[in-house]
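Visitor: Structure, please.
(3 chains)
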Amino acid sequence: MAEVSLKGIKKSYGRVDVIKGVDIHINEGEFVVFVGPSGCGKSTLLRVVAGLEDVTEGVIEIGGRVVNELPPKERGVAMVFQSYAIFPHMTVRENIAFGLTIAGASRQEKQQKVAEAARILQMEHLLDRRPSQLSGGQRQRVAIGRAITRKPAVFLFDEPLSNLDAALRMDMRMEIGRLRRQLGTTMIYVTHDQVEAMTLADRIVVLKDGQVMQIGAPMELYHQPANRFVAGFLGAPSMNFLKVDVLDLDGEAATVGNQSLEPIRVTTRRRPFRKDGKAILGIRPQHLRAVQSGKGMLHGVVAHAERLGSETVVDLTLRDDRELIAAFNEDKIFQPGDALELAFDTALAHLFPEEG
Amino acid sequence: MAFDPDNYGLRLFVRYLVLCLIALIFIFPLVFMINSSFKPDNQLLADTSSLRAFVPVGDISLNNYFGAFRRAPVGLFVLNSVLVTGATVLLSLLICSLAAFSFAFLRWKGRDVVFSIVIATLIIPFETIAIPLLLLVSKLPWIGLEGLQWGWLNTYRVQIIPWIADGLTIFLFVQYFKGLPGELIEAGRVEGASWWQVYYRIVMPLSGPVLATAAILKFLVMYNQYLWPLIVVQQETYRPVMVGLGYFFQLNVAWGEVMAYLTLITVPVLIFYLFLQRAFIASIASTGVKG
Amino acid sequence: MASKLTLSNRTGWTFALPGFALIFTFIVLPFFFAIGLSLTNQRLLSPNPTQFVGLENYRQLLDFAVVTLEPERNEAGEVVRDEAGEIQYPRLRAITRSDDHPQYRGMREWFRWQSGENVRVVIANDVVFMKALVNTFLFVLVVAPVQGGLALMLALLINQKLRGISVFRTIYFMPVVVSIVVVSLLWRFIYDGQNGLLNSILQGLSFGLFQPVDWLGEPSTALPAIMAMSIWQAVGFHMVIWLAGLQTISPTLYEAAAIEGASKWQTFRYVTWPGLRNTAVLVLVVITIQGFALFAQIDVMTNGGPRDSTQTLVFQAVERGYGKQDISGGSTISVILFAIVLAISLIQRWLTRER
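Guide: Numbering: from 1, shown residues only, chains lettered A, B, ... in the order given. Below is the predicted model of the structure:
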């Protein structure tokens, strides 16, 4: 177990800056998820911690030790790859024992540690198989088994579940959560899937274009997104963003509205706005509810509805021709063309400055 | 058009007929060679005027084979060829794959320049450097059991060492290595393997196809060597099979013995080929696809 | 700028060094030796010290000129004819040995043609080399398209889905694994003038009407005979390269063509052939480079004869450099050959460049 600290990390390939100054401190035993769209630099950041890539600037510390110049094997890390990266020419047993073999461990030690890993991952019966005889989920388990046998100080996961199908992904997600409680090791987990991030992480690091957008506990990010990007990235369906006019400002709150939205008062969370200027109002689809005619804050026409059984997702066209998504947690029938009035709790709405 | 079984059968027959006729064109000299090796000279020459050339008829015996062994140290030549070919193939696989590993996976100063030089040698035909190479090897030093010697002529090493490394073999390995999943190599590194361990524990065990390709191509080149041993080996002790042919054209030429010798040095390769034909053909194909 | 972490200078060099050192010593170094030697007058066992002679060797090989011979005329200025009515010309020696034309000294006739009353004679310093050069180009110009085309036809034939097709593929490829030396010897029997297999077959097919030909003994047939044999030996090799190219074409393209109702020829023209463009360039270049290296067939079958009709560049390079121990002469031919091959490789790169 060890803490991991990234200080002022920059990484460029030639003239292209992939990581533009990142500071993250990860506590001992913490499970941190790096999340962001593809190309945001999350995998590069992980590979920098692993020692597979060097940094252009900045300091990486693992367990209080600067590891910038140390090769992967001296950093005390283990890594699970997206493609599993288990060796096809070795049996499961040989794969799991690979790190120990390289380290010159005794046969007895290897046997004991492989058995332990196999027990934790419930794959004792697979030990003598070859990777080609395994399913995707089993392969990923072997890769995890290989990582845990060496008792690393830090676990690194690089999109470990994205090659699995949806059902298996959920199983493995839960398994990783269980493993995490069992081992208590520091873990850094990279994914583009917000569900994995929300369910697994102690803290989430949201990255975009090589910069940290926000760091915090999942619910903190969900309920108090620092900016429009984080707000839009977490939660499904994505948060609605409406362009609104700032009608009035008074200390903590602003009155906003537009031609499809009745004027409402929303807290500004100390973000700067100008009276008579523009702002972006963010409302999660789940926070919208249908109300009787005449009582709505938003007026729209149903364009399309998806019934998922547990919820109904409605795509609306507002008066100003903009789109709005609403999610109702019940099965309801809507016809395209139906007029719909919506209301929401203004305390749950977010106001962001217009990007410029 | 309706399906017409008769028409279909006829077309199938014509297809096979064409394929068979073409096959005859490719196979007849070899059939002639093997059959002739069993015939006395006068019959061999007389038979060439008819189809008898392609069937083992008349005075059939193994006399030509005995004659060939009397005329030349056939066993020695075959042994030399096998030795030189075997040693070159093995050393080539090791040294070229190591170099290719370095080009494909490692980052080092000068790598791109060195790799460009290696690739540029692909367009130097061996025949254009044979004479200067001969001058060079005739003056190279060697430290052997007898101490320091100068000149490599009339040795095994002169037939082996210059042929170990070549641009094509290295190129084939590099192409193959670059096609391996990079995460396997990274996983090895994270698990603590040194580059050497990555090479022999991960990359080599996964390189069966390219090893077969490189071995087969090198084997064909080495076993069929002609010009090079012709000019660097004057002593019988070190001669390979193709140069050994010269023995059969000194003084009176006994064609039956020539055929017996040709059969002896060719048929083992053909059998080897027939067993591994898939690998042989795949190896040639892989030189083509990558270009 | 990479740090110590990802830069492995020592390991990188250690792994690459054995291979690179061997290639450098046994390919790169001799190559530069060849260039260096071609600028000297080095001979293997010469009492005279080696001297730098600049491009003299190249001039010796490549120098040629066209001279015009005018008909001999009598005092009246009439053209002299012999009894058969043929115009009489002065001997070529009158020019090549004359002090009036020191630049032509030592040159010999290469070929001549009639131009009106006059005869134009191409004279060259090294007629054998010129013939070798022309023969080599001729060989390549004939073999490259014919072998490439036949190989493609065989590949299309073999690419069918038929039971036992791999047996035929195996047989067509067989000559490739046989040494070219062995193949050349066997084909001496096929081409033999008296009772060669080829003559026997042609006589049989024409019911005895065919007059036997000494295929390798006639200047007009020797080179074509060697071309035919070379095509036979290596066509399987190129068939396999074509096959590999054919298999890179996605089957869905053929299915799409079939649904669109394309005929066999249209399918080939619009689906197969465009997919083979790079393979085509590769096949042609490989054949060309192999063709320029033509040696073993000549050495085993004709030794350059009859009357220099099968001389080739490599055969000359080896004969001079090794046989006659004229190291600098042999090296010069090698360098010229390399220059040709380099030019062809550059053309190939240009043809297959990324667009």
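
Visitor: how many other residues sit next to A:Ser135?
Guide: As a burial measure, A:Ser135 scores 11 neighbours (other Cβ atoms under 10 Å in any protein chain shown). From N, CA and C alone the C-beta is placed, and that goes for glycine too.

Visitor: show me the contacts for it.
Guide: A:Ser135 makes no contacts at all, as judged by Cβ atoms under 8 Å, 6 or more residues apart in numbering or on different chains.

Visitor: residue contacts, A:Met297?
Guide: Residues near A:Met297 by Cβ under 8 Å, 6+ apart: A:Leu261, A:Glu262, A:Ile264, A:Glu341, A:Leu342, A:Ala343, A:Phe344.

Visitor: Spell out the residue ranges of the strands in chain B.
Guide: With strands called from DSSP state E, chain B shows them at B:141-144, B:147-150.

Visitor: Just the buried ones from the contacts of A:Met297?
Guide: For these, a burial check counting by 16 or more other Cβ atoms under 10 Å in any protein chain shown picks out A:Leu261, A:Ile264, A:Glu341, A:Leu342, A:Ala343, A:Phe344.

Visitor: my read is the second one is in a strand, agree?
Guide: Yes: the secondary structure assignment for A:Ile264 places it in a strand, going by DSSP: H, G, I helix; E, B strand; the rest coil.

Visitor: how much space between the closest residue to it other than its chain neighbours and chain B?
Guide: Nearest residue to A:Ile264 in three dimensions, chain neighbours excluded: A:Thr346, at 5.0 Å (Cβ to Cβ, 6 or more residues apart in numbering or on different chains). With distances taken as Cβ to the nearest Cβ, to the nearest Å, A:Thr346 is found 49 Å from chain B.

Visitor: Which single residue in the stretch 251-356 of chain A comes nearest to chain C?
Guide: Residue of the stretch 251-356 of chain A nearest chain C, by Cβ to the nearest Cβ: A:Glu306 (32.7 Å).

Visitor: can I assume that residue is in contact with A:Val313?
Guide: Yes: counting by Cβ atoms under 8 Å, A:Val313 is a contact partner of A:Glu306 at 4.5 Å.

Visitor: For these two, indicate the residue with more neighbours.
Guide: Neighbour comparison, A:Glu306 and A:Val313: the larger count goes to A:Val313, with 18 against 13 (by other Cβ under 10 Å).

Visitor: all strands for chain C, in order.
Guide: Ranges of strands within chain C are C:64-69, C:108-115, C:118-124, based on DSSP E.

Visitor: Then the stretch 151-300 of chain A?
Guide: A:154-158, A:186-191, A:203-208, A:211-216, A:240-250, A:253-258, A:261-267, A:278-283, A:288-291, A:298-307 (DSSP state E, counting those that start in this stretch).

Visitor: Which one, of those, ends up nearest to B:Ile34?
Guide: Smallest distance to B:Ile34 across the strands of the stretch 151-300 of chain A (Cβ to Cβ): 60.4 Å, for strand A:154-158.

Visitor: quick one: contacts of that closest one?
Guide: For strand A:154-158, contacts defined as Cβ under 8 Å, 6+ apart pick out A:2, A:4, A:43, A:46-47, A:49-50, A:62, A:75-82, A:147-148, A:176, A:183, A:185-191, B:190.

Visitor: repeat for stretch C:29-45
Guide: Defining contact as Cβ under 8 Å, 6+ apart, one finds that stretch C:29-45 is touched by B:121, B:124, B:128-129, B:131-133, B:135-136, C:48, C:50-58, C:325-328, C:331-332, C:334-335, C:338.

Visitor: where's C:Arg112 relative to C:Val122, distance?
Guide: To C:Val122, C:Arg112 is 7 Å away according to Cβ to Cβ, to the nearest Å.

Visitor: that older thread, I'd like to know which of the contacts of A:Met297 is nearest to B:Gly151.
Guide: Closest to B:Gly151, out of all of those and judged by Cβ to Cβ, is A:Phe344, at 94.4 Å.

Visitor: burial count for whatever residue of the stretch 1-150 of chain B ends up closest to chain A?
Guide: In the stretch 1-150 of chain B, the residue that lies nearest chain A is B:Arg107 (10.2 Å; Cβ to the nearest Cβ). B:Arg107 has 14 neighbouring residues, counting by other Cβ under 10 Å.

Visitor: got a list of what it touches?
Guide: So B:Arg107 contacts C:Ala2, C:Thr6, C:Leu7, C:Ser8, C:Gly12 (Cβ under 8 Å, 6+ apart).

Visitor: in stretch C:53-62, what's buried?
Guide: Per 16+ other Cβ under 10 Å, stretch C:53-62 contains these buried residues: C:Val53, C:Glu56, C:Asn57, C:Tyr58, C:Gln60, C:Leu61, C:Leu62.

Visitor: what sits against the first one?
Guide: Right, C:Val53. By Cβ under 8 Å, 6+ apart, the contact list for C:Val53 reads C:Leu39, C:Thr40, C:Asn41, C:Ser328.

Visitor: would you turn those into CSV with pLDDT, distance to B:Arg201 and neighbour count?
Guide: As requested, the contacts of C:Val53 are exported to CSV (pLDDT from 0 to 100; distance: Cβ to Cβ, whole Å; neighbours: other Cβ atoms under 10 Å in any protein chain shown):
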residue, pLDDT, distance to B:Arg201, neighbour count
C:Leu39, 87, 51, 19
C:Thr40, 83, 52, 18
C:Asn41, 80, 56, 18
C:Ser328, 85, 52, 25
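
Visitor: Just flag the most distant two among those residues.
Guide: The most widely separated members of the contacts of C:Val53 are C:Leu39 and C:Asn41, with 9.2 Å between them, by Cβ to Cβ.

Visitor: My guess is A:Arg75 contacts A:Ile62. True?
Guide: Yes: between A:Arg75 and A:Ile62 a contact is recorded at 5.6 Å, counting by Cβ under 8 Å.

Visitor: what sits in contact with each of the two?
Guide: Counting by Cβ under 8 Å, 6+ apart, the shared contacts of A:Arg75 and A:Ile62 are A:Val49, A:Val154.

Visitor: what residues are up against residue 332?
Guide: Chain wasn't specified; assuming chain A. Shown in contact with A:Lys332 (Cβ under 8 Å, 6+ apart): A:Arg307, A:Thr312.

Visitor: my question was about chain C
Guide: For C:Thr332, the contacting residues are C:Ser38, C:Asn57, C:Tyr58, C:Gln60, C:Leu61, by Cβ under 8 Å, 6+ apart.

Visitor: Name the nearest of these relative to C:Phe168.
Guide: C:Phe168 has its nearest neighbour among the contacts of C:Thr332 in C:Leu61, at 46.0 Å by Cβ to Cβ.

Visitor: so that closest one touches C:Ser334, yeah?
Guide: No: using Cβ under 8 Å, C:Leu61 is not in contact with C:Ser334, being 11.4 Å away.

Visitor: Quick one: low-confidence residue ranges for chain A.
Guide: For chain A, the stretches with pLDDT under 70 are A:1, A:356.

Visitor: Kindly recompute the last result at 80.
Guide: In the predicted model, chain A carries pLDDT under 80 at residues A:1, A:251, A:270, A:293-296, A:355-356.

Visitor: residue ranges for the helices of it, please.
Guide: Remark: helices assigned in chain A by DSSP state H are A:42-50, A:92-96, A:98-103, A:107-120, A:136-149, A:166-183, A:194-200, A:218-223, A:228-233.
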